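Enquirer: below is the sequence, then the predicted model.
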There are 2 protein chains.
Amino acid sequence: VHTRYILGPEGSIDCADRGLAYGDGLFETIAVRKSEPQRIAAHLERLGIGCERLGIPAPDDSELLDRLASAASGIDRGVVKLILTRGTGPRGYAPPPAPVVTVILNAAAAGDEPPETISVATLDQRLGENPALAGIKHLCRLEQVLGQLELQSRNEDEGLMLSLSGKVIGGTSRNLFAVFGRMLVTPDVTRAGILGVMRRAVLDQCKALDLRPEEREIAPSELAGADELFMTNALVGIQSVSRLDDQPYACDAVACRFRRALDL
Amino acid sequence: VHTRYILGPEGSIDCADRGLAYGDGLFETIAVRKSEPQRIAAHLERLGIGCERLGIPAPDDSELLDRLASAASGIDRGVVKLILTRGTGPRGYAPPPAPVVTVILNAAAAGDEPPETISVATLDQRLGENPALAGIKHLCRLEQVLGQLELQSRNEDEGLMLSLSGKVIGGTSRNLFAVFGRMLVTPDVTRAGILGVMRRAVLDQCKALDLRPEEREIAPSELAGADELFMTNALVGIQSVSRLDDQPYACDAVACRFRRALDL
C-alpha cells in the first residue's frame, strides 16, 4: 500500500482529492496526553473497519503509529486529527483500482478543560439511515453540521439527534448513555450513528462496575424514565447531562464511577 | 460575501477546509461546448438552493459567471467542475459565523462522446433518506462511491439505486425517466436523489412534446411495465436504457425526441 502523508495545519491537499470531492474517506480525532495519543488501538481498529467497509486499502500500522507519535510529541494536552482519503483519481464516483491513500495528521493543543456537565436539546435535524455507512467515522458529516447550525440558535451545549425513523442516536459529536437501575443502555448504531471510541471503553468497563450494558433501539420517550444520562467522546471523555429539553437529571453517580475507572 | 477562488487541477486547498473535513459544500458539473458553459442558469439556481439549504453565503453571481467563462474558454467540448465549500474554520462541526467560501473551478476537455444507449443493473447499495439533504448536490457522496464500487464487479454501464425504503431513485450519477404512453414519470427526489439540471430541462420540455410529466414515488416493479426508460445528466445528456437487469427495452423514441428538442 502506498500512502502519502501530509502534516497540517499548514499542509494542503490536491483539489482533485476524493476526500474533498465526495467525502470519500475517514477520520479519527485522537486525544493526546503528555505526548501520548490515547486509546490508539481502538482508534486504529475503527479506522481499519472503515477502510474495509469503504474498500480503501488500510495504511501500514507501524508507519502510521510512528507518524502519530511524532505528531503528538510535545503536546501536553491536545488532539491529533487524522483524515484518511482514497487519494486523487480521474473524474467520477468510480474509485481508482490502485489508490494512493492520503493521510493528513493535524496536531493541536487543547483549549479549556471540557465541562463535566452539559445541557442538551433534541434537534429537529434528523440523521438519515444507511447500514453501509453507519458506525464508521466517514467524512460525510453534513447532517452533523446542520445539527450544529440548528444548535447555534439555542442556548445549549449539545444537540440530541434522532434517526429519520425517530429513534435516539446520540449527540452531534457524542454518544449517549442512559442509566436504568443496573442497566446501562446506549443506542444501537447499525443504521445511524458512530461506534465511538469512548463508547467502546465505557461498554468494556461495565462488567467491572457491575452494570449490564445494552445496545438497542431507544425511543425518545424512554429517556424520561432514566435515572441518569451521560454523553461521551474521545476528547471530552464522559459528560453528565444535567438537562435534556425540559427535563432535569440530578444524578451523575454512574458517570463519575466511569470517569474514575477510566482515569479521565 | 468574501469568496476565495482556486483554479484546478494543479490547485490545492487548505487541509482545514470544511469541504474535506465534513463534506460541507456543494458541487456542479457543467458541460462546455465551444468555450460556453451550458445551462448555466440552471446550475447556478441549484447551487443557490444548495447554499440556502446549508446556510452557506452564496458567491456573487457576476464574478462567478466571469470566472466560469474564463475557465471554459478554449474548451471545444468538455466540462467545468465547480466545488464550493464553507471554507476553513476552527475544529468541530459548528460552522464559523462568517465563512470565507472556497470555490474551486476545474476545467477539462471531454473524452469520447458518451454512448446514446446504456445497460443498467439494480444495485444492492441503497441511498439513505434525508429531506434536509435530498435534491441538492452536496459533497457527501459516499453512497454513490459505494454504488460505483459495486458496479465495478458487474459488466454494466450504470447502476440503478433504490432508497432505503425501496423506492427507485436513479443512477449513481444520472436521473431516471420512465415512459408510460403519454406519461413521463421520474422519481420524486424530496427524500433522496438529486435535482438534476438535465432532469429539469426534460421536465420543462414535456409540454412542447405533448407529454405529461409526473414526479412521484416509483416502485421497482413498476419499471417492468414502462414502454421506454432513459437516463440523464448534464454531461451525458440523454441516454436510452437498453436493458435493466434481465429486461430489455427496445424503444428509444421519446429519448430521441428529447435529444432533438434539447439540441443534444
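Expert: Now that the structure is in, tell me what you want to look at.

Enquirer: wait, what's in contact with A:Ala192?
Expert: A:Ala192 is in contact with A:Leu127, A:Gly128, A:Glu129, A:Asn130, A:Ala134, A:Ser163, A:Leu164, A:Lys167, A:Ile169, counting by C-beta atoms under 8 Å, 6 or more residues apart in numbering or on different chains. (Each C-beta comes from the backbone N, C-alpha and C, glycine too.)

Enquirer: for the stretch 101-250 of chain A, which residues are neighbours of chain B?
Expert: Residues of the stretch 101-250 of chain A lying near chain B by C-beta under 8 Å from any C-beta of the partner chain: A:104, A:106, A:108, A:125-130, A:132-133, A:138-149, A:151-152, A:164, A:172-173.

Enquirer: can you flag the buried ones in the residues you listed?
Expert: A:104, A:106, A:108, A:125-130, A:132-133, A:138-149, A:151, A:164, A:172-173 (16 or more other C-beta atoms under 10 Å in any protein chain shown).

Enquirer: for the stretch 151-264 of chain A, which segments count as helices?
Expert: A:197-205, A:253-261 (DSSP state H, counting those that start in this stretch).

Enquirer: sorry, back to before: can you pick out the most distant pair from the contacts of A:Ala192?
Expert: Spanning the widest gap among the contacts of A:Ala192 are A:Asn130 and A:Lys167, at 14.1 Å by C-beta to C-beta.

Enquirer: now the residue nearest the centre of chain A. Its backbone dihedrals?
Expert: The residue lying closest to the centre of chain A (C-alpha atoms, centre = their mean) is A:Gly196, at 4.7 Å. Torsion angles at A:Gly196 (phi, psi; degrees, to the nearest 10) stand at phi -60, psi 150.

Enquirer: just checking: what are the partner strands of the host helix or strand of A:Thr102?
Expert: According to DSSP states H and E, A:Thr102 maps onto strand A:101-109. Its sheet considered, strand A:101-109 pairs with strand A:3-7 (parallel), strand A:77-85 (antiparallel) by DSSP bridges.

Enquirer: next step: the buried ones among the residues of the stretch 101-250 of chain A next to chain B restricted to helices.
Expert: In this view, those that belong to helices under DSSP state H are A:Leu142, A:Glu143, A:Gln144, A:Val145, A:Leu146, A:Gly147, A:Gln148, A:Leu149, A:Leu151.

Enquirer: can you put those in JSON lines and add distance to B:Pro9 and pLDDT?
Expert: As requested, those are exported to JSON lines (distance: C-beta to C-beta, whole Å; pLDDT from 0 to 100):
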{"residue": "A:Leu142", "distance to B:Pro9": "25", "pLDDT": "98"}
{"residue": "A:Glu143", "distance to B:Pro9": "30", "pLDDT": "98"}
{"residue": "A:Gln144", "distance to B:Pro9": "30", "pLDDT": "98"}
{"residue": "A:Val145", "distance to B:Pro9": "27", "pLDDT": "98"}
{"residue": "A:Leu146", "distance to B:Pro9": "30", "pLDDT": "98"}
{"residue": "A:Gly147", "distance to B:Pro9": "33", "pLDDT": "98"}
{"residue": "A:Gln148", "distance to B:Pro9": "32", "pLDDT": "98"}
{"residue": "A:Leu149", "distance to B:Pro9": "31", "pLDDT": "97"}
{"residue": "A:Leu151", "distance to B:Pro9": "37", "pLDDT": "97"}
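
Enquirer: now those as JSON lines including distance to B:Arg77?
Expert: Shown next, in JSON lines, are those (distance: C-beta to C-beta, whole Å):
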{"residue": "A:Leu142", "distance to B:Arg77": "33"}
{"residue": "A:Glu143", "distance to B:Arg77": "37"}
{"residue": "A:Gln144", "distance to B:Arg77": "40"}
{"residue": "A:Val145", "distance to B:Arg77": "36"}
{"residue": "A:Leu146", "distance to B:Arg77": "38"}
{"residue": "A:Gly147", "distance to B:Arg77": "42"}
{"residue": "A:Gln148", "distance to B:Arg77": "42"}
{"residue": "A:Leu149", "distance to B:Arg77": "40"}
{"residue": "A:Leu151", "distance to B:Arg77": "46"}
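
Enquirer: need the max-distance pair from the residues you listed.
Expert: Spanning the widest gap among these are A:Leu142 and A:Leu151, at 14.6 Å by C-beta to C-beta.

Enquirer: OK, contacts around A:Arg141?
Expert: Applying C-beta under 8 Å, 6+ apart, we find A:Arg141 in contact with A:Gly23, B:Ala21, B:Tyr22, B:Gly23, B:Asp24, B:Tyr93, B:Cys140.

Enquirer: nearest to A:Met231 among these?
Expert: B:Tyr93 (14.6 Å).

Enquirer: so that closest one makes contact with A:Gln144?
Expert: Yes: judged on C-beta atoms under 8 Å, B:Tyr93 makes contact with A:Gln144 at a distance of 4.5 Å.

Enquirer: what do those two both touch?
Expert: In contact with both B:Tyr93 and A:Gln144: A:Thr172, A:Ser173, B:Tyr22, using C-beta under 8 Å, 6+ apart.

Enquirer: need those residues in CSV with distance to A:Lys81 and pLDDT, can you?
Expert: Output for the shared contacts of B:Tyr93 and A:Gln144, formatted as CSV (distance: C-beta to C-beta, whole Å; pLDDT from 0 to 100):
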residue, distance to A:Lys81, pLDDT
A:Thr172, 16, 98
A:Ser173, 12, 98
B:Tyr22, 12, 98
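
Enquirer: and these as a markdown table, adding distance to B:Asp246?
Expert: A markdown table is the format used below for those (distance: C-beta to C-beta, whole Å):
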| residue | distance to B:Asp246 |
| --- | --- |
| A:Thr172 | 44 |
| A:Ser173 | 46 |
| B:Tyr22 | 41 |
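
Enquirer: ok, so of those, who is nearest B:Ser221?
Expert: For the shared contacts of B:Tyr93 and A:Gln144, the residue nearest B:Ser221 by C-beta to C-beta is B:Tyr22; the value is 37.6 Å.

Enquirer: neighbours of A:Thr3, just the number please.
Expert: The tally of other residues near A:Thr3 (other C-beta atoms under 10 Å in any protein chain shown) stands at 18.

Enquirer: list the contacts for it?
Expert: A:Pro59, A:Asp60, A:Glu63, A:Leu64, A:Val100, A:Val101, A:Thr102, A:Val103.

Enquirer: kindly report the same for A:Glu52.
Expert: Taking C-beta under 8 Å, 6+ apart as the criterion, A:Glu52 is in contact with A:Ala58.

Enquirer: in a helix, that's where it is, yeah?
Expert: Yes: A:Glu52 forms part of a helix when assessed by DSSP: H, G, I helix; E, B strand; the rest coil.

Enquirer: so how far is A:Arg46 from it?
Expert: According to C-beta to C-beta, to the nearest Å, A:Glu52 stands 11 Å off from A:Arg46.

Enquirer: ok, now A:Val32?
Expert: For A:Val32 relative to A:Arg46 (C-beta to C-beta), the value is 17 Å.

Enquirer: compare neighbour counts for those two and give me the winner.
Expert: The neighbour count for A:Val32 versus A:Arg46, taken as other C-beta under 10 Å, is higher for A:Val32 (24 against 20).

Enquirer: can I assume that one is in contact with A:Ser73?
Expert: No: using C-beta under 8 Å, A:Val32 is not in contact with A:Ser73; the gap is 9.2 Å.

Enquirer: chain neighbours aside, what residue packs nearest to A:Gly48?
Expert: In space, A:Gly48 comes closest to A:Ala58 once its chain neighbours are excluded; the distance is 5.3 Å by C-beta to C-beta, 6 or more residues apart in numbering or on different chains.

Enquirer: repeat for A:Gly196
Expert: Leaving aside its chain neighbours, A:Gly196 sits nearest to A:Asn175 (4.2 Å; criterion: C-beta to C-beta, 6+ apart).
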